[in-house]
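1. Quick check, what structure comes out for this input:
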Amino acid sequence: METKREIRQKIRQKRQELKEELWKEKSAAVTAIVTAHPWFQEAKNIYTYAAYNREVRTQEIIETAFERGKNVWVPKVVGKAMHFCRIGNMDELSSGFYGIPEPADCKITHYNDVLAESEWGSLMIIPGVGFDVYCHRVGYGGGYYDHYLAKNPEIRKMALAFEFQIFPEIPYEEHDICPDIVVTEERILQKF
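-> Got it, this is the predicted structure:
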């Protein structure tokens, strides 16, 4: 089994080698699956990352959420914590922590780490570096999502990945929080 560090290096390289047209094509396939999924359709609040460094694009998911009248929340790192800020359009995002797009101005935030509505009215779309077929996740190493999700255990968690980010098995710790499902351009993996 590869180490988390090896997985991060391998996936970083594969994402950088992904040509722009193929990146957009694969992202569009993931977007189609996500926006057709009942969890997305039922959710009043969508908590999602803004794609960075060749992650699965989320711009079209965010725009679809706006079109369907959903509230969209994007993370912002403040000190050592991640908080979610509600945005009204993509223009409200600018380069933030590590160059990751995040809300420049937080009008409404979840500084107390409590979600806006009941967990059943919310869907969190999370990024990751690598996943296995059991939905274990290798993140970027900061623990931001694990910390946030530990305080909101009932929220539905959907991770996005390209098929090349899926491994038969990855190392994980007991405190790591798994997404309920992982969506790639080819399939949906469910947590066992």
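
2. Which of the three states applies to residue 146?
-> Using DSSP: H, G, I helix; E, B strand; the rest coil, the secondary structure recorded for residue 146 is helix.

3. In contact with the nearest residue to it once chain neighbours are set aside, which residues?
-> On the basis of Cβ to Cβ, 6 or more residues apart in numbering, the spatially nearest residue to residue 146 that is not a chain neighbour turns out to be residue 177, at 5.0 Å. Placement of C-beta: from N, CA and C, glycine included. When contacts are counted by Cβ atoms under 8 Å, 6 or more residues apart in numbering, residue 177 touches 137, 145-146, 149-150, 157.

4. same thing with residue 70?
-> Residue 70 touches 43-46, counting by Cβ under 8 Å, 6+ apart.

5. Let me know the closest of the residues you listed to residue 123.
-> Nearest to residue 123 among the contacts of residue 70, counting by Cβ to Cβ, is residue 43 at 3.9 Å.

6. What's the separation between that closest one and residue 59?
-> Residue 43 is 18 Å from residue 59, where distance means Cβ to Cβ, to the nearest Å.

7. from the contacts of residue 177, which two are the most distant?
-> Maximum pairwise distance among the contacts of residue 177 (Cβ to Cβ): 13.6 Å, between 137 and 150.

8. Looking at these two, which has the bigger crowd around it?
-> A count of neighbours by other Cβ atoms under 10 Å puts residue 137 above the other of residue 137 and residue 150, at 24 against 12.

9. looking just at contacts, which helices and strands does the helix or strand hosting residue 5 meet?
-> Residue 5 belongs to helix 4-17 when assigned by DSSP states H and E. With contacts defined as 3 or more Cβ pairs under 8 Å, 6 or more residues apart in numbering; DSSP states H and E, helix 4-17 has these neighbours: strand 130-132, strand 137-138.
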